[in-house]
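> Have a look at this prediction, sequence included:
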Amino acid sequence: MRTAELIASHGNTDFDAFAAMVAARKLYPEAAISLGGAVNRNVREFQALYADLIPVVDPGDVDRGSVRRLILVDTVHANRIGDLADLCARDDVQVLAFDHHILGGELPAFIHADNLVSSSDGSLVTLLVGILVQRGIAITPFEATVFALGIHEDTGSLTFSTTTPRDAEALALCMQRGADTALLEKWLTSTLTPAQRHALAAALESAEELPLEEATVLVSALREEVYVEGVSVVAHRVMDLTGCDACFLLVEMEGRIFVTARSRGGRLDVAAAVTPDIQVPAVTTFLPAVGPPGTAVAITGTGFGGATAVAFNGAAATLFNVIGATQVAATVPVGATSGPVSVTTPGGTAASAVDFTVTTPPAVPRITTIKPSSGRRGATVTISGSDFGATGGASLVRFGATTCTAYVSWSGTQIACKVPVKSALGRLSVTVTTSAGASNAVGFAVRR
């Protein structure tokens, strides 16, 4: 599918992120909503039921080359949008973002500060609903229902400590716009799945209280054989059943560890506690410093872990390999020009202080004529054409399988040489070979 504008959010998409994408599409009506496989069960079922009202596309079906604007919702991190992360590294793609999780110094390099709209509200939908109202964009009763679902889910129906007065005002506005309370009750009232019940039992059994005086904090770590959707629901149930002020739930499943942190009462900032200290990358050196497209370049620096893109003066390298936190190997792409080498990671984009010089590869030689077109062994012939090289050097002329050893003159467009005395008789193919390769073959008849 071709689309110039694409809306995307983080994996394990919840109702807040989903509703925010729906709101973003009202701001960018030509954009397509991308919804992959990692979606919370209730969101996936809701979208499938109302697919005619909220059409979405699978990331794998999007023609990446057609995208010119990427609208990120509920995240600003490329490593959280799955297969679409490569779009963030492209110079021809403008990246916009709407988020409510921004902390100091967290904005990556591919998002300009002017292209970020953020808030401190408990729900991102609150921010977007405010923008829609400010711009006079109509909200239908169904859309109001979707927006209300997002606000309810991300604020715990206005009970979480992160809830703001603006969240309550936005929810009231959705009700005024005709949000369907029956649908809200249906999709917000959810019983635990068997997998969630199993995880809840394991979380309660493994829960350990941290030795803190100012708050009751529980940490639970468990391993699940199957993927558990809605782990955040399990964390909420742990808090409800234990009365703790904060809960950190670590679940190992499908070869990864998922961390969910929840709090109430404002005693502990769990968001700050789980935010990783992402290192900003730096490029120090690269070797070689000169070469044509196709050259393998070893780039050395720091903070390369999780690198998502490498570019040569803005031209993205389609072939690169992250060897470690201090080295990346990349191939100079076709179309690259001389300029700095850059590496993009979740911590930002770093460019080299010096330029990589892209050279033009030598052209393959071409023969146009051989005069005379026949002759005896030892006779002098003149080969005319192009890209022979200014001097012969290691280049050579072959008469059939025999290499010429006697050259009279050599220039970029003309070679004078003698027919090898050991060449075969009859019609032979004459070629010129340089470092760029062998030329086309032109016939020459060797007479007695």
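All right, it came through fine. All values reported here derive from a predicted model rather than from experimental measurement.

> In contact with Val280, which residues?
The neighbours of Val280, taking CB atoms under 8 Å, 6 or more residues apart in numbering as the test, are Gly303, Gly347, Gly348, Ala350. Every residue, glycine included, has its C-beta placed from N, CA and C.

> Could you find the closest non-adjacent residue to the spatially most central residue of the chain?
Centroid-nearest residue in the chain, with CA atoms, centre = their mean: Ala85, separated by 1.8 Å. In space, and not counting its chain neighbours, Ala85 is closest to Ala78: 4.1 Å by CB to CB, 6 or more residues apart in numbering.

> doesn't Ala307 make contact with the one you found?
No - between Ala78 and Ala307 there is no contact under CB atoms under 8 Å: 10.5 Å.

> picking up where we left off before, of the contacts of Val280, select the buried ones using a PyMOL command.
Applying 16 or more other CB atoms under 10 Å to the contacts of Val280, the buried members can be selected in PyMOL as follows:
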select buried, resi 303+347+348+350
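
> Just the closest of the contacts of Val280 to Thr331, please.
Ala350 (19.0 Å; CB to CB).

> Can you name every helix or strand that the helix or strand harbouring the closest one contacts?
Element membership for Ala350 (DSSP states H and E) is strand 348-358. Contacts defined by 3 or more CB pairs under 8 Å, 6 or more residues apart in numbering; DSSP states H and E place strand 348-358 against strand 282-287, strand 290-291, strand 296-302, strand 309-312, strand 339-345.

> any residues touching the second one, and which ones?
Okay, so that is strand 290-291. Contact with strand 290-291 is made by Val297, Val332, Phe356, Thr357, Val358, Thr359, as judged by CB under 8 Å, 6+ apart.

> Gln196 versus Val226, what's the distance?
Noted for Val226: a distance of 11 Å to Gln196, by CB to CB, to the nearest Å.

> Correction: the previous question concerned Ile278.
On the measure of CB to CB, Ile278 and Gln196 end up 31 Å apart.

> tell me the average confidence for stretch 150-170?
Averaging pLDDT along stretch 150-170 gives 89.

> what about that stretch, how long is it end to end?
11 Å (CA to CA, to the nearest Å).

> one step back: overlap of the contact sets of Ala78 and Ala307?
With CB under 8 Å, 6+ apart as the test, Ala78 and Ala307 both reach Thr344.

> Can you add pLDDT and distance to Ile111 and give the contacts of Val280 back as JSON lines?
Shown next, in JSON lines, are the contacts of Val280 (pLDDT from 0 to 100; distance: CB to CB, whole Å):
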{"residue": "Gly303", "pLDDT": "90", "distance to Ile111": "18"}
{"residue": "Gly347", "pLDDT": "82", "distance to Ile111": "13"}
{"residue": "Gly348", "pLDDT": "87", "distance to Ile111": "10"}
{"residue": "Ala350", "pLDDT": "93", "distance to Ile111": "16"}
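
> Going by distance to Arg44, which of the contacts of Val280 wins?
For the contacts of Val280, the nearest to Arg44 is Gly347 (31.8 Å; CB to CB).

> how much space between the spatially closest residue to the closest one that is not a sequence neighbour and Thr181?
Nearest non-adjacent residue to Gly347, counting by CB to CB, 6+ apart: Ile278, 4.2 Å away. Applying CB to CB, the value for Ile278 to Thr181 is 42 Å.

> which of the two has more neighbours?
Ile278 (18 against 10; other CB atoms under 10 Å).

> Looks to me like that one is in a strand.
No - the assignment for Ile278, made by DSSP: H, G, I helix; E, B strand; the rest coil, is coil rather than a strand.

> okay, now the closest residue in space to Arg64 that isn't next to it in sequence: neighbour count?
Excluding the flanking residues, the one nearest Arg64 by CB to CB, 6+ apart is Leu87, at 6.5 Å. Residues lying near Leu87 (other CB under 10 Å) number 24.

> Val67 is in contact with Leu87, correct?
Yes - look at Leu87 against Val67 with CB under 8 Å: they come within range, at 5.8 Å.
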